[in-house]
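Novice: structure, please.
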Amino acid sequence: MIRFLGPPKSFDLCVSRGDLSSSPWAATNLTPTKGVANPIDGGLDAWDFVDNSTNGLHQLAQTIPGGSLSGQNVCFSCYVKAGSKGFCALGLSGGFAYFNLSTGAIGTVASVTAITQTIGGGWFRVGVYTSVSTNGIIIYCANADGSVSYAGAGDAAIKIYKPQVVLGTAIR
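Specialist: Predicted coordinates for the structure are as follows:
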């Protein structure tokens, strides 16, 4: 008898991580624009998050598919670099963590565990993990620790590469 034990811990649950400009990603007050040199091999497949002039949240969100992950440990991570904004926040299952994109330092954290790794060239790999109750992930542009609501300027607020969602408590 063959039994399905679920996906391996390194299986990426994030849909369309190579195209942040289309469904199932939902942008609020920003436009993801591809063409930024990525931190791994310099290919032009990283993204600028160009905010608009709205005073409010500037974010990109996705619901993780595949049914309920309730009660499972999930890690959401991505490579990120400062643009005109020096902070970002990652949201997972109602929790969040802020990251200083000048130093890589972890800022305010609620209901998740935050992790960070310096990549070089101003890039950091940041992540959050928790035992999830909902399947939502969010990348926020932020102008300060604890502040995701601001008046946008129509410029590249932050740079993003390879968002990833995996089962477990570690960046893979």
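
Novice: now do the helices in this structure.
Specialist: Counting by DSSP state H, the chain has no helices to list.

Novice: residue contacts, Ile171?
Specialist: Ile171 makes contact with 75, 77, 115, 117, 125, 127, 164, according to C-beta atoms under 8 Å, 6 or more residues apart in numbering. Heads up, the C-betas are built off the backbone N, CA and C, glycines and all.

Novice: make it 6 Å
Specialist: Residues in contact with Ile171, defined by C-beta atoms under 6 Å, 6 or more residues apart in numbering, are 77, 125, 127.

Novice: out of these, which one sits closest to Ser93?
Specialist: Gly127 (13.5 Å; C-beta to C-beta).

Novice: ok, the closest one to Asn52 distance?
Specialist: Distance of Gly127 to Asn52, computed by C-beta to C-beta, to the nearest Å: 27 Å.

Novice: neighbour count winner among these two?
Specialist: Ranked by neighbour count (other C-beta atoms under 10 Å), Gly127 and Asn52 place Gly127 first, with 27 against 16.

Novice: name the nearest residue to the more buried one, sequence neighbours excluded.
Specialist: Distance criterion C-beta to C-beta, 6 or more residues apart in numbering; nearest residue to Gly127, sequence neighbours excluded, is Ser77 at 3.2 Å.

Novice: now the residue sitting nearest the centre point of the chain, which residues is it bridged with?
Specialist: The chain has Ile139 as the residue nearest its centroid, 4.1 Å off, counting by C-alpha atoms, centre = their mean. Ile139 has these beta-bridge partners by DSSP bridges: Leu60, Leu90.

Novice: Gln62 is in contact with that one, correct?
Specialist: No. Here Ile139 does not reach Gln62: they are 9.0 Å apart, not a contact under C-beta atoms under 6 Å.

Novice: if I look at those two, which residues touch both of them?
Specialist: Here Ile139 and Gln62 share no contacting residue, scored by C-beta under 6 Å, 6+ apart.
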